[in-house]
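Asker: below is the sequence, then the predicted model.
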Amino acid sequence: MTIKIGISPIAWQNDDLPDLTKDFTMEQALKESREIGYTGVERGQRMPHDTDGLRAFLEKYDIGLCGGWCSGNLLNNTASEECDAVQQQVDQFIALNAPCIVFAECSNTVQGMIDVPVNDRPQLTRDEIKAYAEKLTEVAKWMQDRGMPMAYHHHMGSMIESEDDVNWLMEFSGSEVNLCFDTGHLLFGGGDISRTMDRWMDRVHHVHFKDIRPEIVKDVRENNRSFLEAVIAGAFTVPGDGCIDFLSVAKKLKAADYKGWIVVEAEQDPAKAPPYEYSQKGYQNILDVCATAGLEITHET
């Protein structure tokens with residue numbers, strides 16, 4: 001069993017809140033990530049968009065591509081239209097040997113709206129999610145047939161946020177739809193990490209180790225703050241700095257014979273949480289819990 005440890009550059013370069021990280025560069029993100037020990041990085045929007053340029057950029061810092069966000073518009077598109085819309089990213093990720101595309105529906109999300117409370121996210125009925133899951137399976141099968149797995153990211157402010165949402169999406173979609181399991185988003189969304197892993201571990205293809213500060217999450221919920229306001233306030237942090245028991249998560253990964261990436265994704269204000277210091281803290285926490293759980297880590301890019 002082999003685990004790789006990656007990171008999202010979002011602590012250095014926040015695509016949704018660029019002013020928050022204006023004093024940092026993407027070059028710094030990759031250089032420091034590799035220096036800490038991370039062997040992969042998820043794609044950021046301020047990386048080169050062309051495949052050759054992105055390959056050269058990653059090779060310069062001796063770091064691999066361990067996935068990346070894909071904004072879905074499948075509620076509005078047919079499955080065929082969605083495949084056409086994401087084909088360039090799929091082809092690029094195949095060329096760069098990425099483990100998956102991290103897909104999330106964004107056509108109706110409020111996650112990027114600083115003036116809309118995260119509590120006001122779109123909520124679909126079970127039947128509506130069933131209809132969506134059937135279309136999503138078509139897209140995921142198309143990706144899989146081309147050689148690129150889809151890992152669906154449940155996300156705060158989106159229509160797949162709660163534990164019920166995740167359950168319904170997994171229940172009604174085919175096995176081609178994998179899960180990007182994000183500890184922080186699930187707990188922030190009111191879900192139970194252990195129960196959800198027990199139910200859907202066979203569908204987990206990609207894992208985000210994201211911690212939360214519960215007192216800030218509580219304030220965001222009670223005072224109708226937006227997702228972006230939650231980020232600025234520090235709702236999220238690196239593993240080991242919040243309230244989540246990552247040793248328990250690692251033990252479940254071990255029991256399921258998980259082979260894949262564990263990715264740190266912890267967007268917060270760098271003035272309060274210096275990216276290098278906190279990313280190093282998150283990396284060490286993963287090393288510690290994986291060692292205790294018996295998960296073997298490879299340090300090859």
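Answerer: Yes, it's here. Numbers count the residues shown, from 1 in each chain.

Asker: which parts of the stretch 151-300 of the chain are strands?
Answerer: Ranges of strands in the stretch 151-300 of the chain, per DSSP state E, counting those that start in this stretch, are 177-182, 204-209, 211-212, 236-237, 260-264, 296-297.

Asker: what is the mean pLDDT for the third one?
Answerer: Along strand 211-212, the predicted confidence averages to a pLDDT of 98.

Asker: what of the fourth one?
Answerer: This predicted structure assigns strand 236-237 an average pLDDT of 98.

Asker: and it, how far out from the chain's middle?
Answerer: Here the centre of strand 236-237 is set off from its chain's centre by 13 Å, with CA atoms, centre = their mean, to the nearest Å.

Asker: quick one: strands adjacent to that strand?
Answerer: Here strand 236-237 has these sheet partners by DSSP bridges: strand 211-212 (antiparallel).

Asker: residues making contact with the partner strand?
Answerer: 183-184, 187-188, 235-244, 246, 266 (CB atoms under 8 Å, 6 or more residues apart in numbering). The C-beta positions use only the backbone N, C-alpha and C, and glycine is treated the same way.

Asker: just the buried ones from these?
Answerer: 183-184, 187-188, 235-242, 244, 246, 266 (16 or more other CB atoms under 10 Å).

Asker: format the strands of the stretch 151-300 of the chain as TSV; extra columns: distance to Thr78.
Answerer: Listed next are the strands of the stretch 151-300 of the chain as TSV, based on distance: least, CB to CB, whole Å:
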stretch	distance to Thr78
strand 177-182	17
strand 204-209	25
strand 211-212	36
strand 236-237	34
strand 260-264	31
strand 296-297	42
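
Asker: wait, Glu163 touches His185, no?
Answerer: No: counting by CB atoms under 8 Å, no contact exists between Glu163 and His185, whose distance comes to 11.0 Å.

Asker: between the two, which one's more packed in?
Answerer: Using other CB atoms under 10 Å as the criterion, Glu163 and His185 rank with His185 on top: 25 against 18.

Asker: burial check on Lys251, number of neighbours?
Answerer: 17.

Asker: show me what stretch 111-123 is in contact with.
Answerer: Residues contacting stretch 111-123 (CB under 8 Å, 6+ apart): 16, 108-110, 155-159, 161, 220-221, 224-230.

Asker: mind listing what's buried in the host helix or strand of Arg34?
Answerer: Using DSSP states H and E, Arg34 sits in helix 26-36. Going by neighbour count (16+ other CB under 10 Å), the buried part of helix 26-36 is Met26, Ala29, Leu30, Lys31, Glu32, Ser33, Arg34, Ile36.

Asker: which residues sit in contact with the second one?
Answerer: So the one you mean is Ala29. Shown in contact with Ala29 (CB under 8 Å, 6+ apart): Pro9, Ala11, Trp12, Gln13, Val41, Gly44, Pro275.

Asker: now intersect those with the strands, please.
Answerer: Per DSSP state E, strands hold the following members of these: Val41.

Asker: tally up the residues packed near the closest residue to Val231 other than its chain neighbours, please.
Answerer: Distances taken as CB to CB, 6 or more residues apart in numbering put Glu267 closest to Val231, at 5.2 Å, once the chain neighbours are dropped. Residues near Glu267, counting by other CB under 10 Å, number 27.

Asker: isn't Glu267 right up against Asp15?
Answerer: No: in this structure, Glu267 is not within contact of Asp15 by CB under 8 Å, at 9.3 Å.

Asker: so where is the stretch 51-200 of the chain shaky, pLDDT-wise?
Answerer: Within the stretch 51-200 of the chain, no range satisfies pLDDT under 70.

Asker: and Thr51, how far is that from Arg43?
Answerer: 11 Å (CB to CB, to the nearest Å).

Asker: more neighbours: which of those two?
Answerer: Arg43 (25 against 16).

Asker: gap between that one and Thr78?
Answerer: Arg43 is 26 Å from Thr78, by CB to CB.

Asker: on that earlier part again, which of the contacts of stretch 111-123 count as buried?
Answerer: 109-110, 155-159, 161, 220-221, 225-230.

Asker: nearest to Lys130, of those?
Answerer: Met159 (12.8 Å; CB to CB).

Asker: backbone dihedrals for the closest one, please?
Answerer: Dihedral pair for Met159: phi -80, psi -20, per degrees, to the nearest 10.

Asker: cool, Gly157 as well?
Answerer: Dihedral angles (degrees, to the nearest 10) for Gly157: phi 90, psi 0.
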